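# okay, sequence plus prediction incoming.
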Amino acid sequence: MKWFWPPVALKRRIEVKSVEECLQQMRQWQRVGPKMRAAYPVCYGAPEGSSTVEEARAAFVAAAKEAKVLLEG
């Protein structure tokens, strides 16, 4: 498993701590935009080594902001 640090907090009181979890969460979101579409290959690439965990986390955060599910503040 590829772990995030720090975890990403979502509005539904969920802390996403891994690449695998972020992929599960993104599949449930209603809003699909360009940042979410861009996040998928980055997040899928982290376990196989074509992207880093840090890149996957950053892409996931951008997608979560776009989908308005990121807990900010």
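Structure received.

# only C-alpha atoms from now on, for both contacts and neighbour counts.
OK.

# is it true that E20 touches K2?
Yes - between E20 and K2 there is a contact at 7.3 Å, judged by CA atoms under 8 Å.

# contacts for the strand or helix carrying K17?
Assessed by DSSP states H and E, K17 sits inside strand 14-18. With CA atoms under 8 Å, 6 or more residues apart in numbering as the test, strand 14-18 has contacts from 1-10, 22.

# could I have the buried ones of the residues you listed as PyMOL selection syntax?
Selecting only the buried entries of these in PyMOL, with 16 or more other CA atoms under 10 Å as the criterion:
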select buried, resi 4+8+9+10+22
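
# ok, the residue nearest to the spatial centre of the chain - contacts?
Within the chain, the residue whose C-alpha comes closest to the C-alpha centroid is F60; the distance, by CA atoms, centre = their mean, is 2.6 Å. Residues counted as contacts of F60 (CA under 8 Å, 6+ apart) are 22, 36, 39, 43.

# can you put the residues you listed in a markdown table and add distance to S51, pLDDT and secondary structure?
Shown next, in a markdown table, are the contacts of F60 (distance: CA to CA, whole Å; pLDDT from 0 to 100; DSSP: H, G, I helix; E, B strand; the rest coil):
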| residue | distance to S51 | pLDDT | secondary structure |
| --- | --- | --- | --- |
| C22 | 15 | 96 | helix |
| M36 | 16 | 96 | helix |
| A39 | 11 | 98 | helix |
| C43 | 8 | 97 | helix |
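
# ok, so of the contacts of strand 14-18, who is nearest E54?
The closest of the contacts of strand 14-18 to E54 turns out to be F4 (CA to CA; 7.3 Å).

# secondary structure element for that closest one?
Per DSSP H and E: strand 3-10 holds F4.

# thinking again about what came up before, run me through the strand neighbours of the strand holding K17, direction for each.
Here strand 14-18 is paired, per DSSP bridges, with strand 3-10 (antiparallel).

# using PDB, list the CA coordinates for the partner strand.
Extracted C-alpha coordinates of strand 3-10, given in PDB (Å, rounded to 0.1, in the frame of the first residue of the first chain):
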ATOM      1  CA  TRP A   3       0.600   5.900   2.100                       C
ATOM      2  CA  PHE A   4       0.000   9.600   2.200                       C
ATOM      3  CA  TRP A   5       1.400  12.000   4.700                       C
ATOM      4  CA  PRO A   6      -0.400  14.000   6.000                       C
ATOM      5  CA  PRO A   7      -3.800  12.300   5.400                       C
ATOM      6  CA  VAL A   8      -6.300  14.200   3.300                       C
ATOM      7  CA  ALA A   9      -9.400  15.100   5.200                       C
ATOM      8  CA  LEU A  10     -12.700  15.100   3.300                       C
END
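
# if anything else comes up later, I'll come back, but that's it for now.
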